[in-house]
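Student: all I have is the shape, not the residue letters:
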């Protein structure tokens with residue numbers, strides 16, 4: 001139906017999560033109406049994100065430097081770590097604006113059914129940070145699911161003998177919900193009303 005170049009563009013848009021065939025078609029056709037400068041910027045941004053973006057050597061968050069801007073910020077409380085599942089969760093908490101500690105991105109959750117064990121995510125590097133940096137508190141802020149609870153329990157057991165308070169965000173967040181769809185107020189309340197789960 002479409003020339004090959006447009007069909008290829010439609011197929012590229014379909015690779016994005018949540019984009020079906022009709023939406024991909026609309027996006028591809030809409031891009032034909034854009035200014036050349038906008039298209040150039042879009043194309044260059046895609047290339048740059050693949051070339052320049054890497055993981056922070058401290059917390060695993062996305063960065064263009066070896067150390068992300070949060071970990072290198074001396075005004076942040078470096079003794080409090082908020083543990084999250086993925087980089088977009090860091091952005092979510094930063095938008096709330098009430099948290100002043102640092103983060104640790106696990107890059108997944110323990111899920112035996114999916115073949116994901118503790119060694120497949122960034123738990124060892126978290127324990128190493130706690131041991132080496134004299135961390136005061138670890139806040140576990142992962143989604144309230146079976147995988148989230150399993151991961152929380154595993155981390156709390158690993159840190160049991162360390163001199164650190166282990167807490168998790170309060171469950172103002174509905175069980176089984178995706179963190180992406182939680183409103184800022186609920187997220188702020190859940191963070192401020194976190195519970196201590198260390199002995």
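Tutor: In hand now; what should we look at? Predicted, not measured: the structure shown is a model, and the values here were computed from it.

Student: how near is residue 100 to residue 78?
Tutor: Distance, residue 100 to residue 78, using Cβ to Cβ, to the nearest Å: 10 Å. Heads up, the C-betas are built off the backbone N, CA and C, glycines and all.

Student: gap between the strand ranked longest in the chain and the chain center?
Tutor: Counting by DSSP state E, the longest strand found in the chain is strand 77-84. From the chain centre to the centre of strand 77-84 is a distance of 14 Å (Cα atoms, centre = their mean, to the nearest Å).

Student: go on, stretch 128-138?
Tutor: For stretch 128-138, the separation from the chain centroid amounts to 20 Å (computed by Cα atoms, centre = their mean).

Student: sorry, back to before: who has more neighbours, residue 100 and residue 78?
Tutor: Per other Cβ atoms under 10 Å, whichever of residue 100 and residue 78 has more neighbours is residue 78, with 18 against 10.

Student: ok, now which ones touch the more buried one?
Tutor: Taking Cβ atoms under 8 Å, 6 or more residues apart in numbering as the criterion, residue 78 is in contact with 101, 102, 133.

Student: with residue 188 instead?
Tutor: Counted by Cβ under 8 Å, 6+ apart, residue 188 has contacts 96, 98.

Student: and the contacts of the biggest helix by length in the chain?
Tutor: If you go by DSSP state H, the chain has its longest helix at helix 36-52. Contacts to helix 36-52, defined as Cβ under 8 Å, 6+ apart, come from residues 31, 34, 64.

Student: rerun that using 7 Å as the cut-off
Tutor: 31, 64 (Cβ atoms under 7 Å, 6 or more residues apart in numbering).

Student: circling back: out of the contacts of residue 78, which one sits closest to residue 60?
Tutor: residue 102 (11.5 Å; Cβ to Cβ).

Student: what about that closest one, how many neighbours?
Tutor: 25.

Student: check the one 5 residues further on too.
Tutor: Counted with other Cβ under 10 Å, the neighbours of residue 107 add up to 16.

Student: state the distance from it to residue 57.
Tutor: Distance from residue 107 to residue 57, by Cβ to Cβ: 14 Å.

Student: how is the chain divided into domains?
Tutor: Following automatic domain parsing, one finds the domains of the chain at 4-52, 73-196.

Student: next, the distance between the ends of stretch 94-109.
Tutor: Terminal residues of stretch 94-109 lie 21 Å apart, using Cα to Cα, to the nearest Å.

Student: now the helices for this protein?
Tutor: 4-14, 21-31, 36-52, 87-96, 124-133, 146-158, 184-192.

Student: do you know which of those lies nearest residue 114?
Tutor: helix 146-158 (8.2 Å).
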